[in-house]
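*Asks:* what shape does this take:
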Amino acid sequence: MERIKQFLKRKDIVISAKRYGIDALGAMAQGLFASLLMGTIISTLGEQAGIEILVTIGTYAKLATGPAMAVAIGHALHTPPLALFSLAAVGAAANELGGAGGPLAVLIVTVFAAEFGKAVSKETKIDILVTPFVTIMAGILIALFCAPGIGMAAGAVGNAIMWATELRPFAMGIVISVIVGIALTLPISSAAVCAALGLTGLAGGAALAGCCAQMVGFAVLSFRENGWGGLFAQGIGTSMLQMGNIVKNPRIWLPAILTSAITGPITTCVFQIQMNGAAVASGMGTCGLVGQIGVYTGWLTDIAAGTKTAITALDWMGLILVCFLLPGVLSWLFGFVFRKIGWIREDDLKLDL
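*Replies:* So this is what the prediction gives:
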C-alpha cells in the first residue's frame, strides 16, 4: 500500500473531491466556453449581420467542443504533454457518445484517461508510443462502455428537473435559482453543472436568474467598498471574488441569496424566461453577458422553429429586470437593512483589486 501511495504521489495523481469536483469541473466549463459557447456567439453574430464567414467560424468552433473540454480537464489535472494532447481524441468520443449528457461523460471519461496517461508517462523508453496509446485506448474504451449510460443518466436528471419546473414553476424557480446561484459563487462551476445536466427551458431561466442575482447583487452591494472596478469585476466577471469575504462573514451572502429566491419565481411564473440556447449559458449569469446572449439565441432558435412568432417588448423587459435591475435593487435593499443591524460591517465586502 505504501508503494502505491508513493507512486501516486510521484505521478501527481491526487484522488480528491477538490481535484475532480472543483479543478476538473471548472476547467471543463472553460473548455466548453471556449468552444461551444463562443462558437454559438460567433455564429449568432454572423447570422444577424449576414456575414457567412462568421457562421462558418462559429460552426468549426462548436465542432471542437469535446476535445476542448477534455484538454482543459487534462490541463487542470496536470497531465503531461503526450497524454494531454491525446485527450483530444478521448473528448471527441465521449462527447459524441454521451449525447445530451456529453459534458458529464467527457468529465468522467477524461479523468480516468488522464490518470492512466499520467501513470504510464515516462515509464518506458518508448514513451512517445506508450503514453498516447494507453491514454487513447483507455479513454475511448471507457467512453464506448460508459458514456452512453452517463449521458442518459445526466439527461434523465436534467429532464426531471425541467419537468418539475414546468409542473411547479414557483417552488422550483426558487430552488433552482438559489442552488445554481450559490454554485456560481462557490469555487465550483455552475456553468459546468448546467451543461452536464442540460438545463434549458424554464429551469435554465431560473438558473440564469440565480446567477445574475449573485453577480449583479454582489457588484451593487459592494460598490461602497470597491467602486467601479469592483462593479465590473463582479458584475461582468464573477462573484466568486467574494468567497474569501464570505468565509470570514457568511452573512454578506444573504442579500444575494434572498434576491435569487425572489427573482427565480419571477422568471418562471411572471416572465416565463426560457434558456433555449446552449445549456452552459444557464450557469453563466452576466459573465461577459453570455447568459443574456444565450436567451437571445434561444429566441432566434424558437422563431426559426416556429414555436415563437417574434421577440416582444415584454421579452426584453423581463430579461432586463431579472438579470440587471431587480438583482441590483433588491440586493442593495437587503444590504441596507443588514448594514443597519450590524450583520454587514464596514469593509466586509472589500476586495483586493
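
*Asks:* residue with max distance from the center of the protein?
*Replies:* Centroid-distance maximum for the chain: Lys125 at 40.5 Å, with Cα atoms, centre = their mean.

*Asks:* where does that residue land in three-state SS?
*Replies:* Using DSSP: H, G, I helix; E, B strand; the rest coil, the three-state assignment for Lys125 comes out as coil.

*Asks:* please report how far it lies from Ile136.
*Replies:* Noted for Lys125: a distance of 20 Å to Ile136, by Cβ to Cβ, to the nearest Å. C-betas here are computed from N, CA, C, even on glycine.

*Asks:* again with Arg10
*Replies:* Going from Arg10 to Ile136 by Cβ to Cβ gives 23 Å.

*Asks:* burial measure for Ala89, as a count.
*Replies:* Other residues within reach of Ala89 by the criterion other Cβ atoms under 10 Å amount to 19.

*Asks:* identify the residue nearest it in space, chain neighbours excluded?
*Replies:* Across the structure, with Cβ to Cβ, 6 or more residues apart in numbering as the measure, the residue nearest Ala89 apart from its sequence neighbours is Ile136 (5.2 Å).

*Asks:* dump the residue contacts of the one you found.
*Replies:* 86, 89-90, 113 (Cβ atoms under 8 Å, 6 or more residues apart in numbering).

*Asks:* now for those: which two are most distant?
*Replies:* Of all pairs drawn from these, the one with the longest distance (Cβ to Cβ) is Ala89 and Ala113, at 9.3 Å.

*Asks:* now the common contact residues for the two.
*Replies:* Residues touching both Ala89 and Ala113 by Cβ under 8 Å, 6+ apart: 136, 139.

*Asks:* for this structure, which spans come out with low pLDDT?
*Replies:* Along the chain, the model assigns pLDDT under 70 to residues 353.

*Asks:* again, only this time at 80
*Replies:* Low-confidence segments of the chain, defined by pLDDT under 80: 1, 29, 37, 44, 48, 100, 187-189, 192, 288, 352-353.

*Asks:* what sits against the one residue sitting closest to the centre of it?
*Replies:* When Cα atoms, centre = their mean is applied to the chain, the residue found nearest the centroid is Ala191 (0.9 Å). Neighbouring residues of Ala191 by Cβ under 8 Å, 6+ apart: 29, 32-33, 280-284.

*Asks:* so who does Trp253 touch?
*Replies:* Trp253 sits next to 185, 242, 246 when contact means Cβ under 8 Å, 6+ apart.

*Asks:* which helix or strand contains the closest residue to the second one other than its chain neighbours?
*Replies:* Spatial nearest neighbour of Gln242, excluding adjacent residues (Cβ to Cβ, 6+ apart): Phe218 at 5.2 Å. Here Phe218, judged by DSSP states H and E, is contained in helix 201-221.

*Asks:* then that helix to CSV, C-alphas only?
*Replies:* Extracted C-alpha coordinates of helix 201-221, given in CSV (Å, rounded to 0.1, in the frame of the first residue of the first chain):
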residue,chain,number,x,y,z
GLY,A,201,-36.2,25.9,-20.8
LEU,A,202,-37.8,27.4,-17.7
ALA,A,203,-35.2,25.6,-15.4
GLY,A,204,-32.4,27.2,-17.4
GLY,A,205,-34.2,30.6,-17.0
ALA,A,206,-34.3,30.1,-13.2
ALA,A,207,-30.7,29.1,-13.1
LEU,A,208,-29.8,32.3,-15.1
ALA,A,209,-31.8,34.4,-12.6
GLY,A,210,-29.9,32.9,-9.7
CYS,A,211,-26.5,33.6,-11.3
CYS,A,212,-27.4,37.1,-12.1
ALA,A,213,-28.6,37.7,-8.6
GLN,A,214,-25.2,36.7,-7.2
MET,A,215,-23.1,38.6,-9.7
VAL,A,216,-25.1,41.8,-10.0
GLY,A,217,-26.1,41.6,-6.4
PHE,A,218,-22.5,41.5,-5.0
ALA,A,219,-21.4,44.1,-7.6
VAL,A,220,-24.0,46.6,-6.3
LEU,A,221,-23.9,45.6,-2.7
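
*Asks:* what angle sits between the next helix or strand after that helix and helix 201-221?
*Replies:* In the C-terminal direction, the helix or strand that comes right after helix 201-221 (DSSP H and E) is helix 223-232. Interaxial angle, helix 223-232 versus helix 201-221 (axes from the mean of the first three to the mean of the last three Cα atoms, to 10 degrees): 130 degrees.

*Asks:* return the set of buried residues in helix 223-232.
*Replies:* Of the residues in helix 223-232, those buried by neighbour count under the rule 16 or more other Cβ atoms under 10 Å are 223, 226, 230-231.

*Asks:* name the helices or strands packed onto it?
*Replies:* Judged by 3 or more Cβ pairs under 8 Å, 6 or more residues apart in numbering; DSSP states H and E, helix 223-232 is in contact with helix 201-221.

*Asks:* the host helix or strand of Gly74 - contacts with which helices or strands?
*Replies:* Element membership of Gly74, judged by DSSP H and E, is helix 65-76. Taking 3+ Cβ pairs under 8 Å, 6+ apart as contact, the helices and strands that helix 65-76 lies on are helix 24-32, helix 81-98, helix 102-120.

*Asks:* the residue nearest to Leu197 when sequence neighbours are not counted sits in which helix or strand?
*Replies:* Take Leu197 and drop its neighbours on the chain: the residue closest to it by Cβ to Cβ, 6+ apart is Gly158, 3.8 Å away. Taking DSSP H and E as the criterion, the element that holds Gly158 is helix 127-167.
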